[in-house]
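Participant: after the sequence you'll find the predicted model.
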Amino acid sequence: MKQADVAKHLDLSLRRLREHYASGTIPKGGTLDEQRTAYVRHLRERAANRAPLGDVDPARERGLKDREIRLGLEQKRLREAGELISAEEVLETWTRMILIARSRLLGVPSRLASEVVDCRDLKSAERILKNEIYDALRELGDPANNERLLAEAKEETENAR
């Protein structure tokens, strides 16, 4: 009998029938009655949770579900302890910090134009500019300034709208 006929009789796709042949659930080359009987036995065992669901092992699935629950509880604990933040919060904070950096660095030319104009050589102008940029970067890197800087960035963002 052709595999297509067996698959149709058992209401399976050819692919799924071949998987059953490969796993030994259905005997390849047996009569149609033998194949049907083997498949019905497999379905009964699966219904009684004694046979794996194809590649799925119920015990493994329960273990994965338990692990997922444990991870969820651990994440909740970390969030409540303030040790874990959402990706949205990280993105929002980084966006604000980048806006602060942008604002501080774009303000350098207007703050230093008069000092740089008075410089007698390029080295002096370069030193003044570098010092100002390093000061801005130090300010941005100082954790004590974070709340103030974030508040300023939020205000600047809202004013820009």
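Facilitator: Here it is on my side, so go on.

Participant: number of residues surrounding D5?
Facilitator: Using other CB atoms under 10 Å, D5 has 10 other residues around it. To be clear about C-beta, it is placed using only N, CA and C from the backbone, and glycine gets the same treatment.

Participant: now do the helix or strand hosting it, average pLDDT.
Facilitator: Taking DSSP states H and E as the criterion, D5 maps to helix 3-10. Here helix 3-10 scores 90 as its mean pLDDT.

Participant: so what does it touch, helix or strand wise?
Facilitator: Applying 3 or more CB pairs under 8 Å, 6 or more residues apart in numbering; DSSP states H and E, we find helix 3-10 packed against helix 14-23, helix 32-47.

Participant: that one relative to helix 32-47, how many degrees between them?
Facilitator: With axes from the mean of the first three to the mean of the last three CA atoms, to 10 degrees applied, the angle from helix 3-10 to helix 32-47 works out at 50 degrees.

Participant: need the contact partners of helix 3-10.
Facilitator: 13-14, 16-18, 26, 32, 35-36, 39 (CB atoms under 8 Å, 6 or more residues apart in numbering).

Participant: could you point out the longest helix in this structure?
Facilitator: Taking DSSP state H as the criterion, the chain has its longest helix at helix 58-80.

Participant: then that one to CSV, C-alphas only?
Facilitator: C-alpha atoms of helix 58-80 as CSV (Å, rounded to 0.1, in the frame of the first residue of the first chain):
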residue,chain,number,x,y,z
PRO,A,58,5.6,16.0,28.9
ALA,A,59,8.1,15.8,31.8
ARG,A,60,10.5,18.1,30.0
GLU,A,61,7.7,20.5,29.2
ARG,A,62,6.6,20.6,32.9
GLY,A,63,10.2,21.3,33.9
LEU,A,64,10.4,24.1,31.3
LYS,A,65,7.2,25.6,32.7
ASP,A,66,8.5,25.3,36.2
ARG,A,67,11.7,27.0,35.2
GLU,A,68,9.7,29.8,33.4
ILE,A,69,7.7,30.4,36.6
ARG,A,70,10.9,30.5,38.7
LEU,A,71,12.5,33.0,36.3
GLY,A,72,9.4,35.1,36.3
LEU,A,73,9.4,35.2,40.1
GLU,A,74,13.1,36.0,40.2
GLN,A,75,12.6,38.9,37.7
LYS,A,76,9.7,40.2,39.8
ARG,A,77,11.9,40.1,42.9
LEU,A,78,14.8,41.9,41.1
ARG,A,79,12.4,44.6,39.8
GLU,A,80,11.0,45.2,43.2
